[in-house]
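Undergrad: what follows is a predicted protein model with its sequence.
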Amino acid sequence: MSTVNGSGPRVAFDVTPVISGRTGIARYVTQLGAELERQGVELRRFAIGRSAFPKPAGTRHLGIPFRLLSPWWRVVPWPTAEQLVGGADLVHATGSPPPATRRPMVVTVHDVAALRYPELHPPRHVVQQRALIATLDRAAAIVTDSATTADDLVALGIDLDRIVVAPLGLTPLPDPLPPTAPPGEGTYLLTVGETSPRKRYDVLLRAVAQLPHTPNLVMVGPPAADDARLRALIAELGLGEHVTRLGAISDRELSWLYQHAM
């Protein structure tokens, strides 16, 4: 692979998940990018679609929604990812369907849950995941988080030799800081993640309600499609005094909650 002035390879790195949400995938992209740079890779970040959160410094942002750009790319492969960032030796796609490119491409596939359980996902996520799988023939390598996802891809016809299983690492958390709305007295169970149907928080809430001594439950994460239903279920099960909803919080607050959870 070519380099510039003896430096590491130039990688057009997709940070779209970082500008679109505060999820685990956004954290994955942020931490992976930081580690690649520590390894000497020259990252050239780009993002596609609407921006709900600030983009990383130096990111080239194409503000066209994916729902419009993806079919365009299938007909007219322009602009390419390397054109967006001013040149690259390799493209790494980390979220939605991969961008147009004439360079070797690595694609991260976190799971195929939207295809396995479409009833737990918004229809647009099912369409996006189907489009992602359809483009994997263009990938030189496919990175997955787990052997289970690798098996799912093989079942969908992807050659195992092209798949690399790279388990998720740990993000070092900063010094703990009590949340602005800390949980009540005593120990508590802790959940971290957006309130989407696929998380099945309804199962957890029903299990908590059936315990002889109801524990306190702290739910951390941004509201998503299942939020209204879960709030209604909490009231129905009489768990209002036992459930604390904190929404999105800082890493320092999350560090404190992990430290004090059961």
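TA: Good, I have the coordinates. This is a predicted model, so every value here is computed, not measured. Numbers count the residues shown, from 1 in each chain.
Undergrad: list the buried residues for stretch 37-52?
TA: Neighbour-count burial for stretch 37-52, counted by 16 or more other CB atoms under 10 Å, picks out 41-49. (Each C-beta comes from the backbone N, C-alpha and C, glycine too.)
Undergrad: correction: the previous question concerned stretch 249-262.
TA: Residues of stretch 249-262 classed as buried: 249, 253-257 (neighbour count, 16+ other CB under 10 Å).
Undergrad: what's the closest of those residues to Ala81?
TA: Proximity of these to Ala81 (CB to CB) peaks at Leu254, which lies at 32.5 Å.
Undergrad: for that closest one, what is the enclosing helix or strand?
TA: helix 251-260 (DSSP states H and E).
Undergrad: can you add distance to Leu237, secondary structure and pLDDT and give the buried residues of stretch 37-52 back as JSON lines?
TA: Converted to JSON lines, the buried residues of stretch 37-52 look like this (distance: CB to CB, whole Å; DSSP: H, G, I helix; E, B strand; the rest coil; pLDDT from 0 to 100):
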{"residue": "Val41", "distance to Leu237": "49", "secondary structure": "coil", "pLDDT": "96"}
{"residue": "Glu42", "distance to Leu237": "53", "secondary structure": "strand", "pLDDT": "97"}
{"residue": "Leu43", "distance to Leu237": "47", "secondary structure": "strand", "pLDDT": "97"}
{"residue": "Arg44", "distance to Leu237": "50", "secondary structure": "strand", "pLDDT": "98"}
{"residue": "Arg45", "distance to Leu237": "44", "secondary structure": "strand", "pLDDT": "98"}
{"residue": "Phe46", "distance to Leu237": "45", "secondary structure": "strand", "pLDDT": "96"}
{"residue": "Ala47", "distance to Leu237": "40", "secondary structure": "strand", "pLDDT": "95"}
{"residue": "Ile48", "distance to Leu237": "41", "secondary structure": "strand", "pLDDT": "92"}
{"residue": "Gly49", "distance to Leu237": "38", "secondary structure": "coil", "pLDDT": "89"}
